[in-house]
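[1] Curious how this folds, go ahead:
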Amino acid sequence: MSKENGIYVANAPVSYGAFEVTVGIDPNVPDGIELLDAVAAGGYDGIDLGPVGYLGSGAELGRRLAERGLGLAGAYIEFTFHDSERVTTLMPELDAMLDTFDAVAPFTDTPAPRPTIADAGSDARHSAPGSGARNPDSGLTNEQWDKFTIGMNRVLERCRERGYEPTLHCETGSFIESTAEIEKVLELTDIDVCLETGHQLLGGGDPLDFFRKWTPRVNHVHLKDVTTSVFDDIVRMSQPSSAIWANEAFPRLGEGNFDVAGFVGMLIASDFQGWLVVEQDIFPTTVERFAQAIDDQRI
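    Numbers count the residues shown, from 1 in each chain. Sure, this is the predicted structure:
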C-alpha cells in the first residue's frame, strides 16, 4: 500500500497504549512528541488524533506533523445517539475535535481527517461484549432507533457544516456492534462507514464479505488483527469489553486469525482511496510493554 494507489497508511496513539484511560494518568505513556517521532520512523503517512491536545494543539500540532511528513487521519468520538440530552452535552467535544482539524489543515497535503463516529453503548452491552450478534434482542427498540437516527443526523450535520465528512465506527460493547446493526445505520442514515476489521470480527461479522457488499459506502478503514481464542475466553468467562484491551485480543498484524493479506489485496484492487489506519489497541501496564509497542508498529 502506498500513496501511489490513493491509500494513505496511518497509525494511532492507541497502538502505543495512549488513549483516554492512560494519557495524563499513567506516567509510562510516551509523550506526544515521542509518539509522533515513532510513527514517522515507522514509515507511516499519518496518525489519528487520540485525546485532543495529547499530540499538540492548534498550529503547533500542524507544525509537528509537517516536520515529520505526517497527515492527520481522523479522530474518534462516541455519542449516546438515542439520548438527545447526551448528544447535546457532547457537541462541544465534537467542535473541539473539528477545531483541531481546522488548525492542522494548512500544514498537510494528505486527505482530510475523518470524524470517526461511534455509539457509546450501555452498561449491559459493555458487560457482555459480542451480544449484538449472540443476543439481538439486547439491541435498541424501534423507538430508540428513531431517536438514534435523529441524534446521528444532528452529528452528521455538524460535521458537514464544518467541512468534514464523517465515518461510522462499529465498537464492541456498543449498539453498533453486529453486521445487522451496522447495516441498520447505513439504511437509516447517509453516513458512510469505517470498515473496522477488528471490532467487526468480534461482532460476528466478516470484513471481506462486508466490503464486497458495501464497497461504495466504505470511506475509511481501521485495520486490526484478532486472536479469536482470546475473545472466546472473554465471552466464556463473562468478562466485560475492557478485557479485550487488557488481554490484547488485538495482536500484531499477521499474528491473529484475520486474513490481513487477503483483505489488503481486495482493498488495493478496489477503487478505495483515503486513509487506512493500522491499529493494535493495547492497555499496557509495564514500562517494557510500552517500549515494545514502538517496535510492534513498524511497517
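[2] all helices for this protein, in order.
    For the chain, applying DSSP state H gives helices covering 32-41, 58-67, 84-104, 123-127, 131-134, 142-161, 179-188, 197-202, 207-214, 228-236, 242-246, 260-269, 287-296.
[3] Mind checking those for the one nearest to A18?
    helix 32-41 (6.1 Å; C-beta to C-beta). In this view, the C-beta of every residue, glycine as well, is placed from N, C-alpha and C.
[4] Now for the nearest residue to E171 once chain neighbours are set aside: which residues touch it?
    Excluding the flanking residues, the one nearest E171 by C-beta to C-beta, 6 or more residues apart in numbering is A118, at 4.6 Å. Neighbouring residues of A118 by C-beta atoms under 8 Å, 6 or more residues apart in numbering: 76-79, 168-171, 174, 176.
[5] which ones among the residues you listed are found in strands?
    Taking DSSP state E, the ones among those that sit in strands are 76-79, 168-169.
[6] Could you export the residues you listed as CSV, including pLDDT and neighbour count?
    Compiled in CSV, those are given as follows (pLDDT from 0 to 100; neighbours: other C-beta atoms under 10 Å):
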residue, pLDDT, neighbour count
Y76, 98, 23
I77, 98, 21
E78, 98, 17
F79, 99, 22
L168, 99, 24
H169, 99, 25
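[7] Closest to Q239 out of the residues you listed?
    Distances from Q239 to those, taken by C-beta to C-beta, are shortest for E78, at 20.6 Å.
[8] Touching, the closest one and T116? I think so.
    No. Applying C-beta atoms under 8 Å as the test, E78 and T116 come out as separate, 9.7 Å apart.
[9] pLDDT score for the residue nearest to E171?
    At A118, the model reports a pLDDT of 98.
[10] Please name the bridge partners of it.
    E78, H169 (DSSP bridges).
[11] Tell me how far the residue lying closest to A66 once chain neighbours are set aside lies from D232.
    Among residues not flanking A66 along the chain, F107 sits closest, at 4.3 Å (C-beta to C-beta, 6+ apart). Separation of F107 from D232 (C-beta to C-beta, to the nearest Å): 44 Å.
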